[in-house]
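K.L.:
Next comes the sequence, and after it the predicted model I'd like to discuss.
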Amino acid sequence: MNQALPKLTIKDYASDQEVRWCPGCGDYAILKTIQKLMPELEQPRENQVFISGIGCSSRFPYYMNTFGFHTIHGRAPAIASGVKLANPELDVWVITGDGDGFSIGGNHMLHVLRRNVDLQILLFNNEIYGLTKGQYSPTSQTGTRSPSSPTGSIDFPLSPCEVAIGSGGTFIARTIDTEAKHVSAVVTRGHAHSGASFIEILQNCPIYNDGVFDQVKDKKIAADFKVELVHGEPIVFGKEREQGIRLNHNTLKLELVDADHDDVLVHDETNKVLATMLATMRGPDFPVAVGVIYREEKASYVDESQQQLITARA
C-alpha cells in the first residue's frame, strides 16, 4: 500500500448529484459496488476517469466524484483511448450498455479490444434499450416484444463476451449486478490486467425488460442456472454441485454430465477455444458462465505507443 495516499471511503467517491435511475434499476447496485471498490484499489482519486456514451448506464460519471466525460453515442471507447494515450498515468474506465456498446458503438468496441488499449470497460447488459423507451437491442432475445418489435424481434442476439473474444480481447469476464462481492472480485482483476479488460454485467431493467435474468439472480434457483468459473477448478454447478460440463470429443460440443464424471472440464482462462464455448452458453440447455472467461498476457497498446515516442525522441 502506498502510505502517501490518504485513506478514502465510499463517501469520497460519491458525488453530490442526485442519482436518477428508475426505482429497482440494476445500475444502483453497480454504482454502489464500484464506489465501495475504488478505495480498495488504492489509487489516487484524481487519477480516476469515467467515460460514458449514451444510455441509462451513461449517467454513471455524474455520480462518481472523479473526473469524467459523458460523451456521444457509441464513441466512449475512442474518447477513452485518447485520454489514456494522452496521460497513461490515469485509470480510465468506460461505462457503456448493450446498445451503446454493440450497436452504434460496435465498431469502436471492436478496435479498442483488438488494440488492447489499457482501459476498464464495464458493459451493462439489460438486453434492451432503456433510455429510449424499450426498443430491442443487439443482445435482446429472439421474440422480444418491444415498441419496435410488437410481434417479437426476429433478430439473432449476439453474446458480448463472444464478440469481445473474437475481437482479440485479452481479459473477458461476466458478472451480475446484485452480486457485489463477485462484481468487486472480477473488476479488481480487470483493473490489474495490462491491456483492455472487458466485463459484461448482467443488469435488470425493471421497466422494459424486468426479470430477464431472474434464473441466474434468484437465490433459490440460481445455482442450477449459472456456473462460477474458477481457473484450475472443475466446471461444476447445481445446488449440490452435482452437475458438470464436458467436451464431447466426437462432436466438439459441450454437454452436461454428472459432476463426478471423469471428463468434467477444468477451467483454463488461457484457452480461447474453451472460452468461446463458455461465453455462449445460456439456458435452457446450459448454465450461464460467470467469472473470468478468458485472459491473455499481451503487450498493451499504450505501452507500445509510449515506447515509440521514447524511441522517436531519442
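P.N.:
Yes, it's here. Since we're looking at a predicted model, the values are computed, not measured.
K.L.:
Tell me which stretches of the stretch 51-200 of the chain form strands.
P.N.:
67-70, 91-97, 120-125, 171-176, 197-202 (DSSP state E, counting those that start in this stretch).
K.L.:
Looking at these, spot the one closest to Arg114.
P.N.:
Closest approach to Arg114 among these is made by strand 197-202 (11.5 Å; Cβ to Cβ). No exception for glycine: its C-beta is placed from N, CA and C like everyone else's.
K.L.:
and the closest one, which strands flank it?
P.N.:
strand 120-125 (parallel), strand 171-176 (parallel) (DSSP bridges).
K.L.:
For the closest residue to Arg282 other than its chain neighbours, give me the pLDDT.
P.N.:
Excluding its sequence neighbours, the residue lying closest to Arg282 (Cβ to Cβ, 6 or more residues apart in numbering) is Val288, at 5.7 Å. Val288 is assigned 97 on the pLDDT scale.
K.L.:
Next, Val288: phi, psi?
P.N.:
When read as degrees, to the nearest 10, the backbone of Val288 gives phi -80, psi 130.
K.L.:
hey, which of the strands paired with strand 197-202 is tucked in deepest?
P.N.:
strand 171-176 (a mean of 28; mean count of other Cβ atoms under 10 Å).
K.L.:
chain center to that one, what's the gap?
P.N.:
5 Å (Cα atoms, centre = their mean, to the nearest Å).
K.L.:
Quick check: pLDDT value at the closest residue to Ile30 other than its chain neighbours.
P.N.:
Leaving aside its chain neighbours, Ile30 sits nearest to Asp177 (5.3 Å; criterion: Cβ to Cβ, 6+ apart). Asp177 carries a pLDDT value of 97.
K.L.:
Quick check, the residue nearest to Arg282 in contact with Val212.
P.N.:
No. Val288 is beyond contact range of Val212, at 11.6 Å (criterion: Cβ atoms under 8 Å).
K.L.:
Tell me where this structure has helices.
P.N.:
26-37, 60-63, 76-86, 98-99, 106-115, 160-166, 180-192, 214-217, 272-279, 301-313 (DSSP state H).
K.L.:
got the angle for the fifth one vs strand 91-97?
P.N.:
This means helix 106-115. 140 degrees (axes from the mean of the first three to the mean of the last three Cα atoms, to 10 degrees).
K.L.:
Packing partners of helix 106-115?
P.N.:
helix 76-86, strand 120-125, helix 160-166 (3 or more Cβ pairs under 8 Å, 6 or more residues apart in numbering; DSSP states H and E).
K.L.:
try the second one
P.N.:
With contacts taken as 3+ Cβ pairs under 8 Å, 6+ apart, helix 60-63 sits against helix 26-37, strand 48-52, strand 67-70.
K.L.:
rewinding a little: how about the strands paired with strand 197-202 in JSON lines, adding distance to Asp98?
P.N.:
Output for the strands paired with strand 197-202, formatted as JSON lines (distance: least, Cβ to Cβ, whole Å):
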{"stretch": "strand 120-125", "distance to Asp98": "5"}
{"stretch": "strand 171-176", "distance to Asp98": "13"}
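K.L.:
which one of the ones you listed lies closest to Gln43?
P.N.:
strand 120-125 (11.4 Å).
K.L.:
now the closest one against helix 180-192, angle please.
P.N.:
Using the same axes, to 10 degrees: strand 120-125 against helix 180-192 is 140 degrees.
K.L.:
Just the angle for strand 120-125 relative to helix 26-37, thanks.
P.N.:
160 degrees.
K.L.:
pLDDT averaged over strand 120-125, what's the number?
P.N.:
Averaging pLDDT along strand 120-125 yields 98.
K.L.:
Stretch 245-253 too?
P.N.:
Average pLDDT, stretch 245-253: 94.
K.L.:
end-to-end on it?
P.N.:
Between the opening and closing residues of stretch 245-253 there is a gap of 10 Å (Cα to Cα, to the nearest Å).
K.L.:
tell me the contacts of Phe286?
P.N.:
Taking Cβ atoms under 8 Å, 6 or more residues apart in numbering as the contact definition, Phe286 lies against Ile245, Leu254, Leu256.
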